Structure formats: structure tokens, C-alpha cells
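Trainee: Got a sequence here, can you build the structure:
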Amino acid sequence: MKTSSRWSPAPTPTSGRTSSPTKLPNRGPAGAEGRRDLESATDSADRLSPTVAAPLPGYSLAAIPRAKMNDPSVQRPMPGPLPSGLLLAERFRIETTVGRGADGVVYRALDLSLDEPVALKSLHAEAHPDGRLDRLRRELQLARRVSHPNVCRLHDLVTTTHDGQTLVLLSMELLSGETLRSLLEQRRRLGVDESLDIVRQVAAGLDAAHAAGVVHGDLSARNVFLEEDSSAPRRVVITDFGLARSIRPSLSGDPTGSVWESTDEELAETLTEEIAGTPAYMAPELLRGRPASVASDVYALGVLAYEMRSGSLPFRGSTPFETALQRLVADPPPLQAGADDEVWRSAIASAMAREPERRPSSAGQFARALEPADGVGGSGRALFANRTPKRRAAIRLAAALALLALFSLIVALFSVVLLDDSAPPPERRPMERGAAGDVTPGAAAPQGPFANEAESRLAVLPFGHDDSGSASFLAYGLSQAVQRRLAELPRVGVLSPASAEVLAAQLASGGAGSVRSVAHGLGLRFVVEGTVSAVPSAASAAGTDAGGDLEAGDEIEVRVSLLDLELDRRLDAPLLRAPAATAFDLQGDIAEQVATWIRPQTGPATAERRLDGGPGTDDLQAFRSFARGHQLFHSTYGVGGLAQRREGLSRARRLFVDATQHDEDFAEAWAWAALCDVSVALLPAAGRPDLLTTALELAERALALDPELGEAHAVVGFVTGSRGDLITAEEAFRRALAARPGSALVRALRAQLLEQAHLWELAAEESARAAQLDPYNPILLQLAAGSFLVLRDWERADQAYRIAIERFPEVPIFYGGLAANLYYWTGDPAAAREVLDGAPGEPRGDYLSAWFLMIEREWERAIEELEAIPEPVWDAELYQPRALLVGYCLQQLGREREATDELAEAESVVRQAARERADWRFDASLAGIHALQGRRQEAHADLRRLADTTSIYEQPIENPSLAQSVAWVHVLIGEPDVAVSLLDRLFDGPANISRQALTSDPRWSGLQQRDDFRELLEKADAAERRYGLELGSPGPR
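Mentor: Residues are numbered from 1 along each chain as shown. You can find the predicted model right below:
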């Protein structure tokens, strides 16, 4: 068996199966308990915990409490609830436990100083060093400025000790009832009168807070509490002013005082760098780094009103980042609650305006806009009369996307194997299909994992030519120019030039069947063919050798035909003839002729786009260099060894630059030179961040010449997005796709950026489209298959990996992906190993196969597999040395002495490597080694270094494999709470760990009986239902 040795001991969904598995059954929803009494107190105190910004490119999204590591040098938090009757700080007498939050336990207690019951939150002291406690006290002082019936009262923050441990106690008003979130979960949608009553009371509370100089900053349905009293009307209470901040009128000259800024420099800096709040309710300006304001509270109230009347949030994404990105680039969808809701629709649209200046000046003004007045909604009033544009605060972006993370983990892993310079590059070839006979005319194209019924697919085969040298380059140049022109048509997907060449070569060999059968297998409807012939002038015919360059007076003849597979007809264009010096001018005429043929079958949108414009250059030598560079780019993009690809892309760039030297106004040549720089920067370990800068400069030069050039906009989109400016990036890609909707390259770049941003559903859609248009590009196949796997769309991942194996049977990573997908789909490690056994090459050890054996508790066989692994002696993804896993297996067999030797070897290997280069993964490996050796304090020291250099204890988790490995360390050192916390946060994005993996993984065997671990299994079930229902249909949505 020959497979790569790069897999981690916990195979993560980035990557199959050999038989048709049965679809996993949908499981019922977990029993939802309505948390009533003190639910708001629990959430409020959680929000007061120290926060860290989510490490997402370009934006500080929801700041989320840091998972705490227990440290022997710090006092440990109390392991269980405090007993009833306990007196704390000579003031609070514990009565009963009412809930748990992420940062402590909530109790009902009697405050002896007030002689009334309170909600008392016991915060974990270790999470609040002195500096953070000072900040908590300042936040409490801000919140206590507000005294209003619709605002929950916060009383005090004290520190005390019990049983030698430090406790931080937060006391607040005791409420009884339920949150608005609980009510909406029960009833989904509220009526107009009930919704209006809630909005009125929330607005009154917010106005009181704003009048006191405090903004909330995190208003959501979870911190709006509905207190019921049979003897009085319902009281609506705003809780969680833990993120409150001091505000004052800005210096922008805003007469209404509706935009406020922090008066506390430290808080202002912190809140700019670490945006805190609930992503679903956050105003767009908060995501750009601006401080919270009255306008941002009004926005959140508008979201609440929308949710109450419609039964859903206006923006819904699979991750907090996707949700945030939607509100940055799009207006909220109109409220669709009912025909009588025009008043609400208009008012909510105003409150949720993307620009703060366009929103109502206060929460009360928004509430009044919802009131009916003489049969006309209050929203019809001039809400924004006398308002002037405000000075915008400078946008402060979060840390730019790390350049080392430019290429996705999926593609990087692929490149480690595929781009091995010692091995010949894989040969592009179409999928072999049983019979080579024709397909029945009119038969529908197969609906595979990349199917997209919304468009027709077309291939432009390389034009044939005679033996003259100029006819050769003109044939290629014309066919690819026609391909690029046709990619401008909406609802038409055009096969990439490289895949079209593979298709043509296979058809020429006669081994793959007829044009109709092969094209049908790729989902193609149209195939364009052509020939280019030189017609020498009488003067040059006698003096020109066969195969020489054309001379002045020579002409070119072009014949073009179209095969429509669905209608089973062939159309031939009239013979085109032009002087050789200007033959490339024919590209527009040819493209427009093809477009004329297909427009009746592709809809009215196609008819609006004309393709008969000029060629972009009138210089024959510029066109020649561009055509050669274009051919070289596509022949090396996605295939070949690493050095081979770098050299091929560099040579292509030189040819594009040469084209610009012949014609400095050749916009396409500038754009493709920029694409070369981006492509080299994307190579693993390229180490060339400067290339992104030069790519952006080249693209901007191209756009100065041609503002609608799709490839140039795609470069701008990728580079600016990689640097964190996703607003500019999304706009650039919108323009790129408007210009080149059928371009595989544009969609591939957008897919990679979306994948980096963890927008997996959007990335899966774009990568599927890219793989559909470039079906013989192995990197795009892996990107698409891996996206399906991350989204738990097991069936489409299975299909995609099978197609990849059929087209590239010599690439082992596809077998690994198929095996991992099979395991996550069925939970059957033995069947997954059978896939690996079918991989090509000589038998050799493999980390993934060894892990499957460990899951089966086949420790001896796992050791044999691990010891057969050649260099390198560790897993390439996590840098876990082979000896670490061997030592673990030996421990399971009770062979402690041998295990000790293996673990010592593992430590030596890691320390030697760490001396040669710095890498955070060494700390993770050392932590695992020290934990297995029982060296708990050293494991803690390793974890502290890891926490300082990575976002592993923050949200979202960037590397699921690393998270599981670190969680395992916490299990080994007796800290299951932290382990479960890390595993739990794997579900904050698209859930990429299944019930099968959780229950079969030997590392979690000691967690199986814990309640919080069972909750993880319920989350896995819920994610299974979600992605199975939403993504199980064929084709991207």
C-alpha cells in the first residue's frame, strides 16, 4: 500500500469509501430545556468574562470567552457547586444553584446587606487576574449609572476566599421568567401587539442608558428578559450590561448626539481591537472596528424587531463570520411577515441601514416609527430630517490574514504529496467510463457532485492547424481567446483551456469514445471545434519553407463548428479569412458566432452580452507572447512538482511581461502576469509575500486600461481579502464574476479565499463550480471534495473523491480523503482501511491507516503500521513524531518500559527539530509527550507556550486536528472540562467532527459518561441533520 504519511492521528474532515454506504439516519432533536429563572443572570455574568477577538481575517467578530487552562501554579477553580447555607464575604448566603455559565456558576443567594434575594455569579478567579478585575469593576460602575425599570440592576463585584480558593462574586437583580430567546424558540413568531410592547420597553431602557452616557453594545434576544407577574403587566428587562461602555457626544459636530465615543482610552483601544458582541445582532460598523454607539444599539433593536415579526434572523450563515460578511455587503432581506406589516418593514429597514447616519437617532424614535398614526405607519415620518453626514471613524481592521495561511490546509496537504519533485507529475486524463459508445441524443447530463443545473457547459477544443509555425500559435491563441470571450456569457460555464486540451488529446487517441460520449460524461452540452490554415501569397509561396513563419501578404482561413449534444446537431460557420497580420482580430467574430448559435438554448440573459469587440492588442508579437504564456500557465497550473510549477509560472509571467513590452496597453497581459504572481504566492512554502503586492499593482494597471477585466478584478479580490479587507474583496469578486461568470480560474480564487475565511458553504459552492469547469485539475478536485467533507456532505464528498481517483489514480491523497470520508460517514475504520489498501505503489506505513487500527484497538497492528512509515518520522500536519504514537500504543498494551523508550525518542526528535526551526506545532507535540510520560507541569508549560502563539484557546478553532490533539493532552493530565470545551467549539463553525468519531476515538473513552460530552453527541446529531438536509441535494445551491 502506498499512501502519504502526512495524516494526523485524528483524521479530520478535510478529505471517502469503497462501497455504497447507507445514509446515516436522522436523529431526533436534543431535548431543549427552557432555562427560566436567572437565565439572564447566567448569560450576563458570562459576558463580563475577559474576551479575545475571534481570529478571522480582517475583522474582529464576536469576542468570545477564552477557554481556561488549569495550571498547578494557579489556584484551581471550585470543582463543584457551593453548598446551600454557605456564607460568602460575610454577605451572601447561598440558597440554591440555578445554572452554569461558561465562566462560573450562578446561585440564588440572600444578600444580607440588602436583605433581598439576588442572583450571584461565582466567576472563576484564575480567568480574572488583577488587571481584568479592574476592568470588570469599571464596567460595573458604568452599568450602575443606569436606573430604569427596563434595565436589570447590577449590584456589586467582590472577591473572597473559600476553602483556600479565590472567588470573584458578581451580584445582580434576581429575575423570574424567561428570555425572549426562550419565547421565540417556543413560538417562533410573535404578533404585532406583543412585538410592539417588547420594542417599546426595550427602547425605553436603551434610551435611559443612553441618557446616562452608556451604550449596551450587545443587545440580543438572549439578554432581553420577560418577567411575568400575574398582578401586573409583563415587564421587559434588558440584561447583560457587562459590555457597557462610557460614551459622550462625538467631536464630529453631530447635533443629535447619536454617535458616541469612548471616554476611557484603555476601553476604547480594547474594544476597537476586540469587538465583543453577538454576531447575529452586531451592526456593520462594529465589524469594521468602530466603537459601539447609540446607532449600533438601534441596529440591534431593529434585528430584534425583525426576528419577532418574521420568526427568523435577517442574516443567517453557517459561521459567525459568514453571518457578519453578509451584513457588510448586503442589505437585510425585506420583512415578509404579512401584508399588514408595511409599517414594520419600512421602520426596520431604517433601523438596520448599513450606514449609522441613516438610522433613527434614538431607540425611542424607532419604537415610535412602529406606531400606527391615522392609518399610516409612523415609519412614514421624516425620520432623518435635519440629519447630516457624520465624520466616519477610521476603520481599524483586525490582524491581516497570515501569509503562511494563504493556501488552505486541504490544498497544502495535497501539495506535500502531489508536488514531490522526485516523482513524475500526474497525468491529466478524463475519467474512464465503461462503454465507449455514443450517448443517446438528447440525454440529460449526469448529475454528479459538481452539477449545476442553472448553466449550460461548453468546451472550446484547441483548434487544429497546418504545419506553419504561425498557424500553430494562431490556432492556440484564437481558440483560447474565444474560450475567454465565451466565459463572459452568463449562464454558460466554459471548460478551462487545460481541461479542454486533455479532452481533445483523449478524443484524438480514440480510446475514450466519441465526442458525444466523453463530453456527456463531463456534463457538457456544447463543443466548439475549429481549424486554422495558412494561405501563402503568391510571392511568398515559392520562398517559404513548410513550417516557417507567415509573411506579409499571407492570409489565414478559419473554419469553426459547434456540436449541440442535447439537440444532436452540428452547425458550421461560414469560412472566415483574414490577413495573417491581423488574424487575431477574428476572435470576436468567432465568439459572437458561437454565442449566436447557443443563445436560443441559454436564455435571454445571454442575448444581452455581445462578444464581437476587439482583441485587446493590434500587435502580432504581443499576441504571440500572450498566447504562449497563456498556454504555459494552464499547462503548469495545478499539475507538476513544486519546482516545476514555480518555474512554469515564472516563465509564463515573463511571456506576459514580454507581451506588455510590445504593447504596453495590452490589459489582459498585465492581468495574467498578476495571476502568475498570485499563483506562485499560493504555492506551499513560497515565502514570497512581496508577490501579492506586485500582483495587486499589475492588476490595478490592467484595470486602468480595461475597468471590466474579470481576471484583474479577481486578483484584486484575492489580494485585498488575504490582507483582511473583505469588503473590497467581495466587491472585486462580484465584478470579476459579472465579467467572467464562466471562468474556472476566477471561481477557484474566490473559493480559496472563502475557504480561508471559513465560509465553508460558499467555498464548497465556488470550488464545485471551479472543479466543474476545470475537471482535470487535481487541486480543484481536492478543494471541492474537502469542502464537501468539512460540511458533512458525505455523499457528494464520496462522489468527488471517486471521480478524482478515476482521473488521477496515481495520487494517494485522494485515497486518503475517500477513506476519511468513509470513516466519518459510517464509523467503520475497517472499511476505510480497505480504501487505503487499494492505493497505488509499494506497501508502506501510513498514519491514517495506523489511526484506523488504533480506533479498532488493534494496538499491535497499529505499531507495525507506524514502524513501517519512512521518513519523515512524524505526521506532516501536526509534527507528531511516530514514536509518540508508538509509545501510546505500547502503553495501551501495558508495555511501559518500551513505551518509555519510545516517548524519550519522540522528545529527542521534536527537540532536535525545534532547534532547527521555530514552529508552534512542536509545543503541541511536546505537550502530548510530557502528558503521556506523566510530567504534568512540563505539559502545562508546553500548553502555555501554545496558548501564547496560537488561537487554539480562542474561537473559531483554525485547526481541528490541533484542537483534538490538545484536548487529548488535557484528558491525559486530568482536565476533562477543558478538553470538552475545546471539542465543543469545533461545532461553532460547520461541525467537522461526527458522532462516529467522538464515540469511536480511544482518546475520548474516559469522557463517554459525562453529561457535557453527551451534549457534544447531540450537537453532532443536530449538525448531521442540518447539513444532510441542506446540502444533500445534488449540485451546489
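Trainee: Thought D554 was touching R577, still the case?
Mentor: No. In this structure, R577 is not within contact of D554 by Cβ atoms under 8 Å, at 11.3 Å. All C-beta atoms are positioned from the backbone trio N, CA, C, and that covers glycine.
Trainee: quick one, which of these two is more surrounded?
Mentor: D554 (22 against 13; other Cβ atoms under 10 Å).
Trainee: And the pLDDT at the closest residue to the more buried one other than its chain neighbours?
Mentor: Closest residue to D554 apart from its sequence neighbours, by Cβ to Cβ, 6 or more residues apart in numbering: A580 at 4.4 Å. We have a pLDDT of 72 for A580.
Trainee: What is the neighbour count of A580?
Mentor: 24.
Trainee: same thing with A508?
Mentor: 11.
Trainee: Domains in the protein, by residue range?
Mentor: Domain ranges of the chain: 36-388, 452-607, 809-1031, per automatic domain parsing.
Trainee: tell me how far the ends of stretch 170-182 are from each other?
Mentor: The straight-line separation of the ends of stretch 170-182 (Cα to Cα, to the nearest Å) is 24 Å.
Trainee: likewise stretch 138-151?
Mentor: 18 Å.
Trainee: buried residues in that stretch?
Mentor: Going by neighbour count (16 or more other Cβ atoms under 10 Å), the buried part of stretch 138-151 is 138-140, 142-144, 146, 148, 150-151.
Trainee: Over to stretch 700-716?
Mentor: 701-703, 705-706, 709-716.
Trainee: Between the two ends of it, how far is it?
Mentor: Span of stretch 700-716 from end to end, Cα to Cα: 8 Å.
Trainee: who touches it?
Mentor: 487-488, 616, 665-668, 670-672, 674-675, 678, 695-696, 698-699, 728-729, 732-733, 735-740, 743, 745-746, 749-750 (Cβ atoms under 8 Å, 6 or more residues apart in numbering).
Trainee: now with 6 Å?
Mentor: Stretch 700-716 has contacts (Cβ atoms under 6 Å, 6 or more residues apart in numbering) with 665, 667, 670-671, 674-675, 678, 695, 699, 732, 735-736, 739-740, 746, 749.
Trainee: do the same with stretch 200-215
Mentor: Outside stretch 200-215, the residues touching it (Cβ under 6 Å, 6+ apart) are 142, 145-146, 148, 150-151, 236, 238, 244, 246-247, 292, 294, 297, 362-364, 367.
Trainee: quick one on the thing from earlier: would you single out the least confident of the domains of the chain?
Mentor: Looking at those, the bottom one is domain 36-388 with a mean of 70.
Trainee: Where does V969 fall, secondary structure wise?
Mentor: helix 960-972 (DSSP states H and E).
Trainee: and that helix, what does it pack onto?
Mentor: Secondary-structure packing of helix 960-972 (3 or more Cβ pairs under 6 Å, 6 or more residues apart in numbering; DSSP states H and E): helix 920-932, helix 976-984.
Trainee: Okay, angle between the longest one and helix 960-972 too, please.
Mentor: Yep, that's helix 920-932 we're talking about. Angle, helix 920-932 to helix 960-972, by axes from the mean of the first three to the mean of the last three Cα atoms, to 10 degrees: 30 degrees.
Trainee: In JSON lines: the domains of the chain, plus distance to A770.
Mentor: Shown next, in JSON lines, are these (distance: least, Cβ to Cβ, whole Å):
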{"stretch": "domain 36-388", "distance to A770": "19"}
{"stretch": "domain 452-607", "distance to A770": "9"}
{"stretch": "domain 809-1031", "distance to A770": "17"}
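Trainee: residues contacting D948?
Mentor: D948 sits in contact with no residue, where contact means Cβ under 6 Å, 6+ apart.
Trainee: Just confirm it is within a helix.
Mentor: Yes. Assessed by DSSP: H, G, I helix; E, B strand; the rest coil, D948 belongs to a helix.
Trainee: which stretch among the domains of the chain comes nearest D774?
Mentor: domain 452-607 (3.8 Å; Cβ to Cβ).
Trainee: any idea how far V909 is from L781?
Mentor: Noted for V909: a distance of 34 Å to L781, by Cβ to Cβ, to the nearest Å.
Trainee: Actually, L157.
Mentor: 56 Å.
Trainee: okay, those two: which has more neighbours?
Mentor: Remark: of L157 and L781, L781 carries more neighbours, 29 against 21, as counted by other Cβ under 10 Å.
Trainee: which SSE is the more buried one in?
Mentor: helix 778-790.
Trainee: Spatially nearest residue to Q483 (excluding sequence neighbours)?
Mentor: Q483 sits nearest to V460 (Cβ to Cβ, 6+ apart), 4.2 Å away.
Trainee: The one you found - how many residues pack around it?
Mentor: 30.
Trainee: Over to it: give its phi and psi.
Mentor: phi -100, psi 110 (degrees, to the nearest 10).
Trainee: and the helix or strand harbouring L474, what does it pack onto?
Mentor: Per DSSP H and E: L474 is located in helix 469-486. Applying 3+ Cβ pairs under 6 Å, 6+ apart, one finds that helix 469-486 contacts strand 456-460, strand 464-465, strand 526-535, helix 586-602, helix 620-636.
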